[in-house]
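**Student:** next input, structure requested:
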Amino acid sequence: MQNMKKFIYRQQIKPSDIEVIADMVESSGFFSDEEIEKIAGTYHAWKGEKDTREYEDVPGFCKSASIEEIREHGYVLTPGRYVGAAEVEDDGIPFEEKMAELTATLYEQFTEADQLEAVIKRNLEVLGYGE
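**Tutor:** Modelled structure (predicted):
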């Protein structure tokens with residue numbers, strides 16, 4: 001997925017590249033079928049194609065910025081300037097409690113990552129590629 005991001009950000013995307021990018025996204029398994037359908041449906045609605053729903057901006061997902069808005073932002077096309085953030089529903093869990101739980105999970109994952117790294121290094125040594 002990282003290579004795909006680098007490709008997209010480093011290239012000047014031409015219409016002919018859209019199919020290539022779409023194939024890369026679809027084959028990556030990064031997006032579910034429902035997410036791909038949402039993205040494609042939004043694009044087709046934005047284009048005003050027949051048999052599509054009416055396009056609407058969705059905070060945190062999509063925004064059809066006017067030339068005036070882009071000019072106001074100094075022609076900077078960073079998506080966050082226009083799309084903003086989706087409204088997040090409060091789950092009722094106090095921040096301190098949630099942060100403690102997330103931190104504990106993160107430290108468990110660090111431990112697992114260290115163990116996996118050690119196994120990989122041993123396997124590389126067995127194959128003759130150790131340090």
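**Student:** what strand or helix carries residue 112?
**Tutor:** Element membership for residue 112 (DSSP states H and E) is helix 95-126.
**Student:** pLDDT wise, what is residue 101 at?
**Tutor:** We have a pLDDT of 96 for residue 101.
**Student:** what's near enough to touch it?
**Tutor:** For residue 101, the contact set (Cβ atoms under 8 Å, 6 or more residues apart in numbering) is empty. Heads up, the C-betas are built off the backbone N, CA and C, glycines and all.
**Student:** quick one: it and residue 94, what's the gap?
**Tutor:** In this view, residue 101 and residue 94 are 11 Å apart by Cβ to Cβ, to the nearest Å.
**Student:** can you find the helix or strand in the protein with the smallest mean pLDDT?
**Tutor:** The least trusted helix or strand in the chain, going by mean pLDDT, DSSP states H and E, turns out to be helix 2-10, with a mean of 49.
**Student:** from the contact counts, what lies against whatever helix or strand comes next after that helix?
**Tutor:** Going down the chain from helix 2-10, the next helix or strand is helix 18-28, by DSSP H and E. Counting contacts by 3 or more Cβ pairs under 8 Å, 6 or more residues apart in numbering; DSSP states H and E, helix 18-28 packs against helix 2-10.
**Student:** give me the number of residues near residue 42?
**Tutor:** 19 (other Cβ atoms under 10 Å).
**Student:** separation between it and residue 31?
**Tutor:** Taking Cβ to Cβ, one finds residue 42 at 13 Å from residue 31.
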